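[1] All I have is the shape, not the residue letters:
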């Protein structure tokens, strides 16, 4: 039996749907996992490639006492203003995609890249499969409340994203996360088994 080419998964979905948890389960299965939210944070840290561009665009009022970008302050700005959000995305997303693509080329095992805005950025080529993590609205708002967001803040963040149904329609597989973590783990492994048994050469 010949070994397969590495599987390259894009894991997308809505806010508070469980992408990070699915990433942890895939890591347990031997995947190298890259969270592009964390990658963006790194690229926006003081001295990194995107930091000065963001500060130049939004002003030094977004910096905290340590001279780093205050993500809560910046979040309130961009989730209340679609133009500001587009400006931030134009600065951050190209750098994130380039860094992630560079990372992918260095991996020798199966990989999963967690990309919340996969379809919004048009980054849909080069994946073995696209997996959408979904949840119902009640679950999403409950999870955002546990993160400390007010109802108004939560609704702004949900409204700022592409509707989940559209992400589901454009994905190869859907994992619904409306129950327990164990149920999510079982569904993740079920979908992974389907992907591995497709019997095609992965790109």
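    Perfect, I can see it now. If you're wondering where the values come from, they're calculated on a predicted model, not measured in any experiment.
[2] Could you tell me which ranges of the chain sit under the pLDDT cut-off?
    1-4, 199-203 (pLDDT under 70).
[3] mind listing the strands in it by residue range?
    Remark: strands assigned in the chain by DSSP state E are 8-13, 32-35, 111-114, 129-134, 173-176.
[4] Can you lay out those strands as CSV showing distance to residue 43?
    (C-beta placed from N, C-alpha, C; glycine too.) Below are the strands of the chain laid out as CSV (distance: least, C-beta to C-beta, whole Å):
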stretch, distance to residue 43
strand 8-13, 19
strand 32-35, 13
strand 111-114, 15
strand 129-134, 23
strand 173-176, 28
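[5] Pipe the ones you listed into CSV and attach mean neighbour count and distance to residue 192 per row.
    Shown next, in CSV, are those (neighbours: other C-beta atoms under 10 Å; distance: least, C-beta to C-beta, whole Å):
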stretch, mean neighbour count, distance to residue 192
strand 8-13, 26, 9
strand 32-35, 18, 13
strand 111-114, 25, 10
strand 129-134, 24, 9
strand 173-176, 20, 9
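[6] closest to residue 191 out of these?
    strand 173-176 (4.9 Å; C-beta to C-beta).
[7] where's stretch 39-59 relative to the chain centroid, distance-wise?
    Relative to the centre of its chain, stretch 39-59 is centred 18 Å away, using C-alpha atoms, centre = their mean, to the nearest Å.
[8] buried set for it?
    39-40, 43-44, 50-51, 53-55, 58 (16 or more other C-beta atoms under 10 Å).
[9] Quote the end-to-end distance of it.
    22 Å (C-alpha to C-alpha, to the nearest Å).
[10] go on, stretch 55-74?
    Counting by C-alpha to C-alpha, you get 10 Å between the two ends of stretch 55-74.
[11] Buried by neighbour count: which residues of it qualify?
    Those would be 55, 58, 62-63, 69, 74, for stretch 55-74 by 16+ other C-beta under 10 Å.
[12] Identify the residues contacting the residue nearest to residue 78 when sequence neighbours are not counted.
    With sequence-adjacent residues excluded and distances taken as C-beta to C-beta, 6 or more residues apart in numbering, residue 78 is closest to residue 85, at 4.1 Å. By C-beta atoms under 8 Å, 6 or more residues apart in numbering, the residues touching residue 85 are 78-79, 160.
[13] Keep only those of those that are in helices.
    Among the contacts of residue 85, the members falling in helices (DSSP state H) are residue 78.
[14] I'd like to know how many residues surround residue 89.
    15 (other C-beta atoms under 10 Å).
[15] got a list of what it touches?
    Counted by C-beta under 8 Å, 6+ apart, residue 89 has contacts 117, 120-121.
[16] does residue 44 really touch residue 51, like I thought?
    Yes. Taking contacts as C-beta atoms under 8 Å, residue 44 lies within contact range of residue 51: 5.6 Å.
[17] shared neighbours of the two, which are they?
    Shared contacts of residue 44 and residue 51, defined by C-beta under 8 Å, 6+ apart, are found at residue 69.
[18] And the residue nearest to residue 78, how close does it get to residue 67?
    24 Å (C-beta to C-beta, to the nearest Å).
[19] can you give me the helices in the chain?
    Along the chain, the segments classed as helices by DSSP H run 19-28, 36-43, 51-58, 71-78, 82-105, 137-146, 151-159, 164-170, 181-196.
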